[in-house]
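J.: here is the input, now give the coordinates:
(one chain, ligands or ions: 1)
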Amino acid sequence: MTSTLDSAAEIPDYPMTRAAGCPFDPPPVLREKQKEGPLTKVRLWDGSTPWLVTRYADQRALLADPRVSADAYQPGYPSPTALVGSGSPISFIMMDDPEHARLRRMVTAPFTIKRVEAMRPAVQKIVDDLIDDLLAGPKPVDLVEAFALPVPSLVICELLGVPYADHDFFQDNSKTIINRDADPEQRAAALGRLVGYLDTLLGEKLANPGDDLLSGLTERVKSGELSQRDAAGIGVLLLIAGHETTANMIALGTLALLEHPDQLALLRDTADQKLVTSAVEELLRYLHITHNGRRRAVLADIEIAGQVIRAGEGLIMANDIGNRDPDAFPDPDRLDLQRDARHHVAFGFGIHQCLGQPLARMELQVVYSTLYRRIPTLRLATDLDQIPFKHDGSVYGVYELPVTW
Ligand code: HEM
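T.: Below you'll find the predicted structure:
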């Protein structure tokens, strides 16, 4: 038998910040709601009341359902902030098939496991060089600024063909775009600046192509398959997604390990690549940094978990609590680097599942297997309660991580 809940919001003011006590756990109210039932309603900044989906199995089913749309301009889409202007905000991550698949296909090749593995030695050198600089420099040092941000930024710049010298510009604008408390006009302006920057770069590569992903896109522009504006949109998506997420995983992952010294010791003292691989999956599951939920609009009625979700309603898959679902992960609140966590939803699920996941995994494997081995006495240079957490960002992490050794 199916039923619909009344429209009264059960969780006001979603999203809320994580527990004051444990900065790695999802907000406790999400755990309560997950226990009570699979679907609940939440109230957003604009007064809308989309469904919140808290259980792992339902989240995967809905993310794989073609009646569910990622288009932010569909009625009912639970937007994290007011939308300014028209058109798709950030390329194919907010489009549906077939247009999503058409654009995504144009950039899949560099992210295959084989191509990513070929980059491993270069990433290892980036990591080793940055650690040499850390060890030669003053301490304490902010690990975010000196290590967590430069690693993925250098890698994505090399892959795209973006000059790393411009990192202050693109990091500042990315920060504004993913800050959910930023004024919508400011976010739109930051996005406009990045699109303009990529557009100019593509123009230069059109005249003078190199051996990089953006130059590859200019071939598509020349053949008429892709407009230069869409190419710039793809460039912006890859540039933001390519450094913000991984940087937060490096810094927050390091903090989580410093707070779990037994687990850190396992990783530091091992030469077993299998353990490094499983540690990365477990940290992705446990920390789940994209904590705003996967947001979608419903295009046609869907019956799930004894409920009917109507066309025109919004959906938020709270993957942070999905990754702590005891039906999918026994003893889910324990950080256990030896567990098999590969089926986590930290990279999403369905057609929008993270394109860059092989690259992110490889970068994190190199970082986690090198940093603590080379600096075995690494420790926080301040108290945990002094660390500024990114409660206001659509990607969770820390703004600064002062460390010493
Ligand atoms: C630890 C690091 C990362 C995490 C946790 C992460 C997480 C995610 C998640 C959850 C999604 C799904 C979004 C949705 O369904 O709405 C996604 C999509 C995406 N990610 Fe990542 N990501 C990471 C690193 C990267 C990297 C390094 C790149 C490469 C440039 C990248 C590129 C993308 C792209 C292009 C999409 C959109 C895919 C599509 O819509 O088809 N990500 N990511």
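
J.: what is the burial count for residue 125?
T.: Other residues lying near residue 125 total 11 when counted by other C-beta atoms under 10 Å. To be clear about C-beta, it is placed using only N, CA and C from the backbone, and glycine gets the same treatment.

J.: now do it against residue 207, distance only.
T.: 31 Å (C-beta to C-beta, to the nearest Å).

J.: residue 240 now?
T.: 26 Å.

J.: comparing these two, which shows the higher neighbour count?
T.: Set side by side, residue 240 and residue 207 show more neighbours around residue 240, with 24 against 7, by other C-beta under 10 Å.

J.: and that one, how far from the ligand?
T.: 9 Å (C-beta to the nearest ligand atom, to the nearest Å).

J.: now the spatially closest residue to that residue that is not a sequence neighbour: how far from residue 167?
T.: Spatial nearest neighbour of residue 240, excluding adjacent residues (C-beta to C-beta, 6 or more residues apart in numbering): residue 174 at 4.7 Å. Residue 174 sits at a distance of 10 Å from residue 167 (criterion: C-beta to C-beta).

J.: also residue 398?
T.: Counting by C-beta to C-beta - residue 398 and residue 167 are separated by 19 Å.

J.: who has more neighbours, these two?
T.: residue 398 (20 against 16).

J.: for the more buried one, grab phi and psi.
T.: Main-chain dihedrals, residue 398, degrees, to the nearest 10: phi -130, psi 140.

J.: could you do residue 71 as well?
T.: phi -80, psi 110.

J.: which residues does it contact?
T.: 77, 88, 94-96, 297 (C-beta atoms under 8 Å, 6 or more residues apart in numbering).

J.: inside strands: which ones of those?
T.: residue 297 (DSSP state E).

J.: of the contacts of residue 71, which is the most crowded?
T.: Ranking these using other C-beta under 10 Å puts residue 297 first, with 24 neighbours.

J.: right, and it touches residue 79 too?
T.: No - using C-beta atoms under 8 Å as the test, residue 297 is too far from residue 79 to be in contact (9.8 Å).

J.: please report how far residue 310 lies from residue 304.
T.: Counting by C-beta to C-beta - residue 310 and residue 304 are separated by 12 Å.

J.: and if you look at residue 287?
T.: Residue 287 sits 27 Å away from residue 304, going by C-beta to C-beta.

J.: the more surrounded of these two?
T.: Legend: neighbour count by other C-beta under 10 Å for residue 287 and residue 304, higher for residue 287 (24 against 18).

J.: get me the contact residues on the chain for the ligand.
T.: 70, 92-93, 104, 156, 237-238, 241-242, 245-246, 249, 289-290, 294, 346-348, 352, 354-356, 359-360 (C-beta under 6 Å from any ligand atom).

J.: among these, which are located in helices?
T.: Among those, the ones falling in helices (DSSP state H) are 104, 156, 237-238, 241-242, 245-246, 249, 359-360.

J.: and what about residue 403, helix, strand or coil?
T.: strand (DSSP: H, G, I helix; E, B strand; the rest coil).

J.: residue contacts, it?
T.: 139-143, 254, 378-381.

J.: mind putting those residues into CSV with secondary structure and neighbour count?
T.: Below are the contacts of residue 403 laid out as CSV (DSSP: H, G, I helix; E, B strand; the rest coil; neighbours: other C-beta atoms under 10 Å):
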residue, secondary structure, neighbour count
139, coil, 11
140, coil, 14
141, strand, 18
142, strand, 17
143, helix, 23
254, helix, 25
378, coil, 18
379, strand, 11
380, strand, 18
381, coil, 15
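
J.: between these, which is nearest residue 365?
T.: residue 254 (14.2 Å; C-beta to C-beta).

J.: show me where the stretch 201-350 of the chain has its helices.
T.: Assigned by DSSP state H, counting those that start in this stretch, the stretch 201-350 of the chain shows helices spanning 213-222, 228-258, 261-268, 273-287, 319-322.

J.: wait, residue 16 sits on residue 29?
T.: Yes - when contacts are counted by C-beta under 8 Å, residue 16 is listed as touching residue 29 (6.8 Å).

J.: next, the contact list for residue 316, please.
T.: Residue 316 sits in contact with 14, 42, 50-53, 78, 293-296, where contact means C-beta under 8 Å, 6+ apart.
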